[in-house]
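[1] Have a look; sequence and predicted model below, questions after that.
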Amino acid sequence: MADLAASIKELTKTYKLQSEEVRALRGVTFDVPQGDYVAIMGPSGSGKSTLLNLLGCLDRPTSGSFFLGEDDVAKMDDDGLSTIRATRIGFVFQSYNLIPQLTVEENIEVPLYYQGRLDPSARQRCRELASMVGLGERLGHRPTQLSGGQQQRVAIARSLVNDPYFILADEATGNLDSVTTDEILQLFERLNNEGRTIIMVTHEDEVSAHAKRVIRLRDGLIQTDIQNTDRVTNLKKEAMAKIQDPAKPQMERKV
Amino acid sequence: MFGLRTWILGVKSLLLHPMRSLLTVLGIFIGVASVIWLLAIGEGIGKKAKEQIEGLGADNIIVRSRKPPDEGAGGFSAPKLFGLTRAECDTIESTIETIGSVLRIRELPYKFSYAGNPDVKPIDGRLVGCTEGYAEVTRLEMSGVGRFLKDDIDVNVNVCVLAGELSAYLFPFEDPIGKQIYLPESQDYFRVIGVLKPKNATAAIGGSLDAQDFSRDVYIHIKTMEQRFGDTVIKRGSGSFSAQEFQLSQATLRVKDVRDVPRTANVIKATLFSKEGEPRQDISVIVPYELLEQAATTKFMFMVFMGLIAAISLLVGGIGIMNIMLATVTERTREIGIRRAIGAKRKDIIQQFLIETIALSVVGGATGILGGLLCPAAVDATRFVMEQFAPKILDSLPEIVRETDAVIVPLSIPLAFCISVMVGVIFGIYPAMRAAQMDPIEALRHE
Ligand SMILES: Nc1ncnc2c1ncn2[C@@H]1O[C@H](COP(=O)(O)OP(=O)(O)OP(=O)(O)O)[C@@H](O)[C@H]1O
Ligand SMILES: [Mg+2]
């Protein structure tokens, strides 16, 4: 179990409304090994976000178990979940979700702050992360002064700051144009190559094509769970770029 | 973990809406400043009242005669003796051990003029029969040479001491010492042996003692008065005639130890009043010591009342804070969701919003204290402006309003500060809890 980032069994989630119950997840089982790169797909309302919220410890399942390392998250209280989120999970959201009144640097530091680990070396690391995502020069800027792609890169840097078990990305590229999407996906791939586990929800086949594994949900159940043999990687793209017309790089970037 | 960073963050968030924060702070500013102001004014009034009563002497007991309401339906019935008698006074002096000295006073309304200057019209004044101790008890001071009615003066010789103001009226150009003043009603002459410094009137206290105006007094020895004027006073007005008989207007009894005052007062009342303890119509016993205690109670009530008003304004300020914070929490729902998602516990969120309310109220409190400290200066300035531009209005105000100075109660400063912090906590806790109770997923979805 040691090499599993997460392990879920028979996970269900039922939302109770006044008149009816919505069974958003109806028994989902899968393991995520460390270093995996998973894309979760499926039609709207199939339970993708619900699943991601459970994986992100933002919510508790109605039944089933969810192990993060040795801990059964399904049994934790609110403070316990907060601690897990602060220490082991990195979130990247569709709408970036940076805190507007904080600078780039401060935004990256927030998770450490809530763990009380914000010492000088940690701050140094935050700056390094900012440089890694290409924003080393923009540390003092506020989110409103950045483009969408830049904001998303700040969010990625923030998600990495606590050295998480995995990064959860819900439609992380949904608001971005194709060029920027590509940049973000390259960043993900680099992180994955460095050993990070990434789980992302997406609608787009172009995006999921980058993942090592694609899980398709339908009506709260796993429809398919397949390894992506025909994976698009940066290396491949570079190779393709050489074959095709080098004068039209825009075309290739759309994959 | 109320770290510096949390505070900086709180202040930053507040500065995102400077106008809003400013107005909220203003609410607390007014509340805290009014706490200090109202307490300072209350304290000033209390102090003034205390000074006035202390002017009577806390170790004194004053027994005063007063004319009982007329019983006979007009007519010329023989005057009936009323008030404190010399015999009663002697009994009190000789039997009550706690009494140190007794000062006997008799006051008669008279007209005075100066025989040597016919231009000076006779003026209404008060002929006061007393002894040397009177000057000390009523805090009269001699001006220049001359001495008050020394015990060794010959009571068979008509000598007097003049109040400063009266002396200035009768002798505008001359040195009064050695001159004779004339009492046209009884055709008596008195030689002036001394003049007093002018003295302000003492105020009436709790309605039980008339305001004393010393400015038109002529002091003579009480023995002289007894011999010259007797106990019956006949007043001839235009076509009317009245007679009163009384021996003493007042006896001021000095108690040796101030702690014995209440006990002594009871014994005096028991001696003077009937066995049933019913107060006599023609005598009132005034105990400044008791008045002091009463004044302290009154002051306390006053302060509580003032405090209440201040508390209400603080309450309003607090509600202002709460209102703003509830709006802020709603506005920042998404931020709360983000923070929760990336690891903030409920208590972190509570702390964050609580710090903002505390910061608001502490700034309000600190500026409010500064504003409060301006109170005495503001009172002085107001009085000055009134003196310059509306002296009539100022004069028409009661003395206690005219002359009271605001006295900052030192305790009110830490008190006001603590209250403002408390207001921040109390009115901040609900919005903060609301923020913390939000479901992170819902909060993240919030637009
Ligand atoms: N808080 C909630 N209360 C009630 N029902 C909910 C709640 N959240 C989600 N659902 C329901 O659960 C089901 C799954 O929703 P979910 O958001 O997981 O879908 P999704 O796959 O992410 O869809 P999309 O692609 O549109 O984002 C839907 O039918 C939705 O209406
Ligand atoms: Mg969704």
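    Cool, the structure landed. Ligands and ions are numbered 1, 2, ... in the order given.

[2] Distance check, B:P69 against B:R20.
    Distance from B:P69 to B:R20, counting by Cβ to Cβ, to the nearest Å: 67 Å. Using the backbone N, CA and C atoms, a C-beta is placed for each residue, glycine as well.

[3] Which residue lies nearest the spatial centre of chain B?
    The centroid of chain B falls nearest to B:A49 when counting by Cα atoms, centre = their mean (1.9 Å).

[4] if we can go back for a sec, B:P69 and B:R20: who's more crowded?
    Applying other Cβ atoms under 10 Å in any protein chain shown to B:P69 and B:R20 shows that B:R20 carries more neighbours, namely 14 against 7.

[5] now the strands for chain B?
    Secondary structure of chain B, counting by DSSP state E: strands at B:60-65, B:81-82, B:99-114, B:123-130, B:142-146, B:159-162, B:180-183, B:188-196, B:217-221, B:232-236, B:241-246, B:250-255, B:283-286.

[6] same for the second one, what does it pack against?
    So that's strand B:81-82. strand B:241-246 (3 or more Cβ pairs under 8 Å, 6 or more residues apart in numbering or on different chains; DSSP states H and E).

[7] Give me the buried stretch members for the strand it packs on, please.
    B:244, B:246 (16 or more other Cβ atoms under 10 Å in any protein chain shown).

[8] which outside residues touch stretch A:215-225?
    By Cβ atoms under 8 Å, 6 or more residues apart in numbering or on different chains, the surrounding residues in contact with stretch A:215-225 are A:12-13, A:23-30, A:38-43, A:46-48, A:50-51, A:213-214.

[9] ok, and which of these reach chain B?
    Near chain B, taking Cβ under 8 Å from any Cβ of the partner chain as the test, no member of the contacts of stretch A:215-225 is found.

[10] Keep only those of the residues you listed that are in helices.
    Per DSSP state H, helices hold the following members of these: A:48, A:50-51.

[11] Top of these by number of neighbours, please.
    Neighbour-wise, the ones in helices among the contacts of stretch A:215-225 (other Cβ under 10 Å) top out at A:L51, 28 neighbours.

[12] residues in contact with that one?
    A:L51 makes contact with A:11, A:13, A:25, A:28, A:40, A:201, A:217 under the criterion Cβ under 8 Å, 6+ apart.

[13] Helices along the stretch 251-400 of chain B, start to end?
    In the stretch 251-400 of chain B, the helices defined using DSSP state H, counting those that start in this stretch lie at B:261-272, B:288-331, B:333-341, B:346-373, B:375-389, B:391-396, B:399-403.

[14] Just put the ones you listed in a markdown table and tack on mean neighbour count and mean pLDDT.
    Below are the helices of the stretch 251-400 of chain B laid out as a markdown table (neighbours: other Cβ atoms under 10 Å in any protein chain shown; pLDDT from 0 to 100):
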| stretch | mean neighbour count | mean pLDDT |
| --- | --- | --- |
| helix B:261-272 | 17 | 87 |
| helix B:288-331 | 18 | 86 |
| helix B:333-341 | 23 | 93 |
| helix B:346-373 | 22 | 92 |
| helix B:375-389 | 13 | 87 |
| helix B:391-396 | 10 | 80 |
| helix B:399-403 | 14 | 72 |
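
[15] Let's have these in CSV, adding distance to A:M132.
    Output for those, formatted as CSV (distance: least, Cβ to Cβ, whole Å):
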stretch, distance to A:M132
helix B:261-272, 86
helix B:288-331, 33
helix B:333-341, 22
helix B:346-373, 27
helix B:375-389, 60
helix B:391-396, 76
helix B:399-403, 74
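
[16] who wins for proximity to B:L14 among these?
    Closest to B:L14 of the helices of the stretch 251-400 of chain B is helix B:346-373 (Cβ to Cβ; 5.8 Å).

[17] quick one, the closest one and helix B:288-331 angle?
    Using axes from the mean of the first three to the mean of the last three Cα atoms, to 10 degrees, one finds that helix B:346-373 and helix B:288-331 are set 140 degrees apart in direction.

[18] packing partners for helix B:346-373?
    helix A:78-88, helix B:4-15, helix B:18-56, helix B:288-331, helix B:333-341, helix B:412-437.

[19] can we see that at 7 Å?
    helix B:4-15, helix B:18-56, helix B:288-331, helix B:333-341, helix B:412-437 (3 or more Cβ pairs under 7 Å, 6 or more residues apart in numbering or on different chains; DSSP states H and E).

[20] relative to helix B:4-15, how tilted is it?
    Taking the same axes, to 10 degrees, one finds helix B:346-373 and helix B:4-15 inclined to each other by 70 degrees.

[21] Let me know the distance separating whichever residue of chain B sits closest to chain A from ligand 1.
    Nearest residue of chain B to chain A: B:G343, at 2.4 Å (Cβ to the nearest Cβ). Distance of B:G343 to ligand 1, computed by Cβ to the nearest ligand atom, to the nearest Å: 22 Å.

[22] Same question for B:I28.
    39 Å.

[23] what sits against that residue?
    Residues near B:I28 by Cβ atoms under 7 Å, 6 or more residues apart in numbering or on different chains: B:317, B:360-361, B:364-365, B:368, B:420, B:423.

[24] May I see those arranged in TSV, with distance to A:V207 as well?
    Shown next, in TSV, are those (distance: Cβ to Cβ, whole Å):
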residue	distance to A:V207
B:G317	53
B:L360	46
B:S361	50
B:G364	52
B:G365	54
B:G368	57
B:S420	54
B:V423	52
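
[25] Determine which two of those are furthest apart.
    So, the contacts of B:I28 by Cβ to Cβ: farthest apart are B:L360 and B:G368, at 11.9 Å.

[26] got any ranges where the chain has weak pLDDT?
    All of this refers to chain A. By pLDDT under 70, the low-scoring segments of chain A are A:1-2, A:241-242, A:244-255.

[27] ah, I was thinking of chain B
    For chain B, the ranges with pLDDT under 70 are B:1-2, B:70-78, B:145-146, B:200-212, B:235-241, B:275-277, B:399-400.

[28] Next to chain A, which bits of it? Give me the list.
    Residues of chain B lying near chain A by Cβ under 7 Å from any Cβ of the partner chain: B:1, B:5, B:12-13, B:16, B:335, B:338, B:341-346, B:348, B:440-441, B:444.

[29] Buried among those? Make that a ChimeraX selection.
    To isolate the buried members of the residues of chain B next to chain A in ChimeraX, using 16+ other Cβ under 10 Å:
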select /B:13,335,338,341,342,343,344,345,346,348,440,441,444
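
[30] right, and A:P164 touches A:I89 too?
    Yes - counting by Cβ atoms under 7 Å, A:P164 touches A:I89, with 5.1 Å between them.
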